[in-house]
Every structure is written in structure tokens, then in C-alpha cells.
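# sequence unknown, structure follows:
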């Protein structure tokens, strides 16, 4: 019966979450930020979520129809990628921006699952970064949740109008998430609940999270900033905890993980104060998005390079064996003719 199966799933989720499918675990971790975004931003959040769900379902159906026997993982990864992509878009951005990010994330995820499953990257984040670069910050159109008027995110506002040691917004508001910013990532409280669930399901690398925190603190104290204001950021920990620290997306080497976390935290926070005239000038929380996206893109490129090298080596060995076989056949034919 269906309720027996539902009870079994609930039992696994409560007491053995590590045995749940990866996509289900990630989807449950996204529920708190998504719910908080719907409550805070209302209709724009619902529209963006609808776009992500529609694109994700279309990607799942298309992949199963076209590559029904070739895709090893038939989970909900296209849907997860679409939600991750639109989660970082501001409520003031055009709906076409969300559609473009969701479609690109789904296409990249479907192609990854079919042709390069060894790549460890959240394609939703990479899709966001690509669209943001092409549109020159199109997704970063934020609004004030109180009145719907366009307004900058807290970090960008601080950078432009306040001194480095100040904290222009109440930390409680930042923690709850009732501030301008990405629709499904403004609430640090909701993000913390999602990361806690991933940790309970043994999907989070605490070493990476700690390294990210240490790198962030180094940047904060180097520039003499207010640590509470700089680190009380839902968007920053959204990409750090739900993407960067995801064990499925990390290299196997335990020596690389803390270094990776430290470097990501250092640049994600430190580049909030770029040199005057730099191309990142005026950006706030988006620096963290681009930092983590760059880390994952580099890891994906390394995987592709190693895969290409191994394939080239296999082809070379195969060609060499074929040539040796042909040479041996010529020798045998020559001997048989002489005899």
C-alpha cells in the first residue's frame, strides 16, 4: 500500500537519511530556502519557481525519451539544477532571465548525465554565471520585499554608501532574509536549516565549510570590516554550504578540500572590495556566486582534460595493438608462402 511505502520513506528520512537518493536529499535541503523565498517575495518567487519546475520536468521527460537506455542516473537532477539556477536571481529581473537560466541549467545537466557523468559541478550555478556574464548582471536586479521597489543588496549598498567598519542593516533582518537579494537565498536561517539537513544526511564536508569560514575571516579582519555583517549573508552560505561543500561535487583528495574551502572563502569575501576601476567594482554578494562557479568550472575542465587524455591514450594503445597484429599476420603469411 502507498501509506506503507510512505512510512518506510519517512523512517529512512528520519533515522537513515544517508540511504536516501542523492537528488531527494538535495531537494529536501532546498525546501527551506525555497519556502522562505515564497513567503518573503510572494508572486515573483512563485513565478520563478514555476519556471524552474517546468524546465526541470521537461528536461527529465526529454532525457528519458531520447536516452532511455543510456542515462545511468534517472533522478531529478535537471529539476535540481534549474532550481539552483533561479534561486540566485533577483525578484526585479525579467522573467526571461529566469527562463534562460533554467533552460541552460537543464540542458547542461542533461548533457552532463549523458556524456560526462564524471564531472562534479552544480550546472545550475554555472548556468546562472553564464547568463549573468552575457547580460552583464541581468539576474542581479533586486527589490525591497516591503514595497517591491528596486533596491541594492545589503553588501552592494554597504560598499557604495557606508564606511568599511559599519553594518547598515540589522543582523536580525539579514538572518531572517527580509532584505533585497536573490529570491531563494536571502534567508540565512533557511539556508542553515538546509545545510544542517545535508550534514545530517552526511552530504556536507565540514572541512570545506570550516576552511571557507577561516578564509572569510582572514579577508574580513584584513580589511577591518564588521564580521557579523559580512558573514550574516544567506546568499554567501547558500553557495558555500549547498554547493561548494556538497561531498558529491568535491574531489576525492582530502588534502585538497580544506585548501579549496579556504581559497573560496578568501576570494568570495575579499573581492567585495576590489581595486578601484576593477571590473568587479560595485558588486556585492555576486562575487561569492562567481567564485564558487569558477572553482567548479575549473574542476570540470580538469576532469574533461584527464578524460580526454585517457581516451587518447586508450586509442593510441588500441591502434598500436592493431598495428602489431597486422605486422604479426604479415610475418605468418610470409612464412606460409615460403614453406
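That came through, no problem. Note that the structure is a prediction, hence the values are computed from the model and not measured.

# which stretches of this structure have low pLDDT?
Per-residue confidence of the chain (counting by pLDDT under 70) places the weak regions at 1-16, 68-75, 163-168, 273-283, 327-339.

# for it, just list every one of the strands.
Assignment of strands within the chain using DSSP state E yields no ranges at all.

# what's the longest helix in it?
When secondary structure is assigned using DSSP state H, the longest helix within the chain turns out to be helix 286-338.

# and it, what does it pack against?
For helix 286-338, the contact count by 3 or more C-beta pairs under 8 Å, 6 or more residues apart in numbering; DSSP states H and E identifies helix 123-134, helix 234-239, helix 256-270 as packing neighbours. Quick note: C-beta positions are derived from backbone N, CA and C, even for glycine.

# from the chain's centre, how far out does stretch 85-105 sit?
Centre-to-centre, stretch 85-105 and its host chain are 14 Å apart (C-alpha atoms, centre = their mean, to the nearest Å).

# repeat for stretch 301-310
Its chain's average C-alpha position is 21 Å from that of stretch 301-310, according to C-alpha atoms, centre = their mean.

# tell me which residues in that stretch are buried?
Under the neighbour-count criterion of 16 or more other C-beta atoms under 10 Å, stretch 301-310 has residue 303 buried.

# quick one: residue 228 and residue 170, what's the gap?
As judged by C-beta to C-beta, to the nearest Å, residue 228 and residue 170 stand 11 Å apart.

# OK, contacts around residue 220?
Listed by C-beta atoms under 8 Å, 6 or more residues apart in numbering, the contact set of residue 220 reads 226, 227, 230, 231, 269.

# which residues touch the nearest residue to residue 92 once chain neighbours are set aside?
With sequence-adjacent residues excluded and distances taken as C-beta to C-beta, 6 or more residues apart in numbering, residue 92 is closest to residue 141, at 3.6 Å. Taking C-beta under 8 Å, 6+ apart as the criterion, residue 141 is in contact with 90, 91, 92, 93, 94, 150.

# that older thread, next, the angle helix 256-270 makes with the longest helix of the chain.
Put simply, helix 286-338 runs at 140 degrees to helix 256-270, going by axes from the mean of the first three to the mean of the last three C-alpha atoms, to 10 degrees.

# about what we covered before: just the contacts of residue 141 now: which is nearest residue 247?
Within those, distances to residue 247 taken as C-beta to C-beta reach their minimum at residue 90, with 29.7 Å.

# got a list of what the closest one touches?
Residue 90 is in contact with 139, 140, 141, 142, 143, 153, 180, 181, 182, 183, counting by C-beta under 8 Å, 6+ apart.

# can you check residue 215 too?
Contacts for residue 215 were tallied using C-beta under 8 Å, 6+ apart; they are 261, 262, 263, 264, 265, 266, 267, 268, 269.

# let's go with 10 Å and repeat that
Applying C-beta atoms under 10 Å, 6 or more residues apart in numbering, we find residue 215 in contact with 258-270.

# then residue 296?
Remark: with contacts taken as C-beta under 10 Å, 6+ apart, residue 296 is in contact with 119-123, 125-126, 129, 239, 243-244, 246, 249-250, 264.

# and with 8 Å instead?
By C-beta under 8 Å, 6+ apart, residue 296 lies in contact with 120, 121, 122, 125, 126, 243, 244, 249.

# let me know the closest of those residues to residue 42.
Sorting the contacts of residue 296 by distance to residue 42 puts residue 125 at the head of the list, at 24.7 Å, by C-beta to C-beta.
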